[in-house]
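# got a predicted model here, sequence first, then my questions.
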Amino acid sequence: MKGALARDGVALLAGALFGAGLSVSQMINPQKVQAFLDLAGDWDPSLALTMAGALLVTAIGYRLVLKRPRPLLDDAFRLPARQLIDSRLLLGAALFGIGWGLGGYCPGPAIAALALGTLEPWLFMGAMLVGGLLAARLPARS
């Protein structure tokens with residue numbers, strides 16, 4: 001029980017920090033995101049700094065953490081076992097990109113934007129959940 005409470009507390013803290021970072025960087029603002037993705041129009045490159053910072057922190061963090069024999073609050077690291085790039089992965093990535101470009105949201109920022117009290121992130125989350133349920137019904141390939 002004590003380990004689970006510590007793990008949940010750390011997860012809550014990490015999620016709150018992530019949400020705060022998304023808010024400060026304006027990743028929860030769909031117009032800002034769409035301006036970043038609009039390379040042919042009125043391009044706003046400012047989110048590139050946010051993404052570069054996130055990649056830097058992740059790269060350093062992974063190097064440090066994976067040197068440990070196991071995580072601090074779990075028995076083992078849980079990394080993806082599959083590394084195959086297949087049509088399902090490519091289709092999912094394409095749908096993700098199209099949805100991100102059209103809606104201006106991806107899952108993390110949409111969850112953080114729910115606190116704004118506007119309708120758009122709720123609609124996005126509903127559509128994402130329906131899409132996830134439909135994808136789960138697709139036959140799995142081995």
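On my side now, so go ahead.
# so where's the longest helix in the chain?
helix 2-24 (DSSP state H).
# what packs against that helix?
Here helix 2-24 touches helix 107-113, going by 3 or more CB pairs under 8 Å, 6 or more residues apart in numbering; DSSP states H and E. C-betas here are computed from N, CA, C, even on glycine.
# spatially central, which residue of the protein would that be?
Here the mean C-alpha position of the chain is nearest to the C-alpha of Gly108 (CA atoms, centre = their mean), at a distance of 4.5 Å.
# near the closest residue in space to it that isn't next to it in sequence, how many other residues are there?
On the basis of CB to CB, 6 or more residues apart in numbering, the spatially nearest residue to Gly108 that is not a chain neighbour turns out to be Leu22, at 6.1 Å. For Leu22, the number of neighbouring residues by other CB atoms under 10 Å comes to 21.
# show me the contacts for Leu22.
The contact partners of Leu22, by CB atoms under 8 Å, 6 or more residues apart in numbering, come to 28, 108-109, 112.
# equivalent analysis for Leu49, please.
Not one residue lies near Leu49 by CB under 8 Å, 6+ apart.
# go again using 10 Å as the cut-off
By CB atoms under 10 Å, 6 or more residues apart in numbering, the residues touching Leu49 are Ser25.
# ok, Asp38 next?
Residues in contact with Asp38 (CB under 10 Å, 6+ apart) are 44, 101.
# what residues sit buried inside stretch 8-23?
Of the residues in stretch 8-23, those with enough neighbours to count as buried (16 or more other CB atoms under 10 Å) are 19, 21-23.
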